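Asks: Have a look at this fold, sequence not included:
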Ligand code: BGC
């Protein structure tokens, strides 16, 4: 059996080790920390903030077990009735996974974070498989993330038009055919068919007006018309669904796909007779893919005051709590909030600290990751990263504290992600009387956080092993499926092509 291609892509950028800290006074207003404190009292304040953080964010086995069980229960409740739990358990309308026979030229368009990607792939069926791919990535200007729907979709359609214009070489579209697209749209969408779906809400910091409540394929079609671009969306898919389809193309044992990136989510293969909400409507294959939208899960997650404050200040308070605890968009910000409190109340960076430390999201998850790769004695890189991100001047002891803060947050994130995965596997195993744990089952993973953050990945993997035990763990393969979602969406466009296939 062929396995999912794994990546060797360099993590440059993500692991960028910055130059040594500047010794110039930091720019911006320096705020004086309240009353002058003795060294000893500052140290003990920092120590107790750290101990509280570690205590409140701890995820010992019973907590993990509770989270995994709650995930299983919430999945069942969401499948029983519409709105039955925090988990939307969205029907993807993907009832058949790629078989390997797919042939022809297909496009994929991927919108899900700070970038959008366009891709074309020439599929050659069982023998030739993926003959050629080409892709381009465009970053989305920040202002478009909170602009109007037309602005965002016009930007995407124009990027797609530019990309589609130069097509040649190995790519061939049979005469008279319209180009077909698999549209990966990685936000909670209530699918109404394989090629239509209503946006329920934005996540991951997007707050575009005029899209929620609308069919996102119609939004794209209108923008393509404005660009005079003659292409047709034949499959609308969540990135997890694309990843599952892409990974399944190479490996029949793939049953679950998880994205751990800016945002997070998971989907899995479900039997249609295990979905009471369908009232007996079965798909021809007897299965379908369910997009759990697990980012909205919240049951039993250990939260600290820093999480609660970050949530309250977010554009979607009270929503996406699992996502806010485990995904890349938020880990850096939680750490910044902890360090700020330590600076304010325990003089972590001296008697004053730069204004920049008070700027939300100035410390990013890739910064935490880069800091955790520093194994030097003086933690030079940690100092540089802290300085570059927040302009704080640090010494060895404050750098060590910063690393402990990162570790507490990343450990909780990774371990909870692991518990979520076990929650899904255990639901599938219980319903299929052991056919998940009793044989090789693959969980396909993608997303920058998973791909580039070794400590996070390690914590996640160990939590899965702790929960499943060593024997079952041997059957559960957690595997990186690099960029499965792009090819997966194109494959699903092929499966759902309007032309004979
Ligand atoms: C979205 C999901 C998506 C996930 C990963 C979440 O914020 O709600 O639809 O799959 O991010 O991109």
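Replies: Done, it's in. Bear in mind the structure is a predicted one, so any value in this text is a computation, not a measurement.

Asks: separation between the one residue in the stretch 351-500 of the chain that gets nearest to the ligand and residue 89?
Replies: In the stretch 351-500 of the chain, the residue that lies nearest the ligand is residue 447 (6.9 Å; CB to the nearest ligand atom). Every residue, glycine included, has its C-beta placed from N, CA and C. Counting by CB to CB, to the nearest Å, the gap from residue 447 to residue 89 is 21 Å.

Asks: Could you look up the SS state of residue 323?
Replies: helix (DSSP: H, G, I helix; E, B strand; the rest coil).

Asks: Do you know the pLDDT at it?
Replies: Residue 323 carries a pLDDT score of 98 in this model.

Asks: give me the number of residues near it?
Replies: Look at residue 323: counted by other CB atoms under 10 Å, it has 24 neighbours.

Asks: can you check residue 420 too?
Replies: 29.

Asks: cool, residue 283 as well?
Replies: For residue 283, the neighbour count with other CB under 10 Å is 16.

Asks: Next, the contact list for the closest residue to the ligand within the stretch 301-450 of the chain, please.
Replies: In the stretch 301-450 of the chain, no residue comes nearer to the ligand than residue 323, which is 5.6 Å away by CB to the nearest ligand atom. Applying CB atoms under 8 Å, 6 or more residues apart in numbering, one finds that residue 323 lies in contact with 203-204, 263-264, 295-296, 329-330.

Asks: let's go with 6 Å and repeat that
Replies: Taking CB atoms under 6 Å, 6 or more residues apart in numbering, we find residue 323 in contact with 263-264, 295.

Asks: now what about stretch 239-249, what contacts it?
Replies: With CB under 6 Å, 6+ apart as the test, stretch 239-249 has contacts from 4, 92, 94, 97-98, 112, 184, 186, 254, 257, 259, 265-267, 289, 291, 444, 446, 481, 484-485, 487-489, 491-492.

Asks: From those residues, which land in helices?
Replies: Those of the contacts of stretch 239-249 mapping onto helices are 484-485, 487-489, 491-492, per DSSP state H.

Asks: now the residue of the chain found nearest the ligand, nearest residue through space, not along the chain?
Replies: Of all residues in the chain, residue 263 sits closest to the ligand, at 2.5 Å by CB to the nearest ligand atom. Nearest non-adjacent residue to residue 263, counting by CB to CB, 6 or more residues apart in numbering: residue 204, 4.4 Å away.

Asks: And for residue 147?
Replies: Closest to residue 147 by CB to CB, 6+ apart is residue 208, at 6.2 Å.

Asks: For the one you found, grab the count of nearby residues.
Replies: Residues within reach of residue 208, counting by other CB under 10 Å, total 20.

Asks: try residue 216
Replies: Neighbours of residue 216 (other CB under 10 Å): 22.

Asks: ok, now which ones touch it?
Replies: 185, 199 are the contacts of residue 216 under CB under 6 Å, 6+ apart.

Asks: What's the separation between it and residue 156?
Replies: 11 Å.

Asks: Same question for residue 226.
Replies: Distance, residue 226 to residue 156, using CB to CB: 11 Å.

Asks: Likewise for residue 177?
Replies: In terms of CB to CB, residue 177 sits 23 Å off from residue 156.

Asks: Name the residues of this protein found near the ligand, please.
Replies: Contact residues, the chain versus the ligand (CB under 6 Å from any ligand atom): 112, 186-188, 203-204, 238-240, 259, 261, 263-265, 293, 295, 323.

Asks: Count the neighbours of the closest residue to residue 288 other than its chain neighbours for me.
Replies: Nearest non-adjacent residue to residue 288, counting by CB to CB, 6+ apart: residue 95, 4.9 Å away. Residue 95 has 17 neighbours, counted by other CB under 10 Å.
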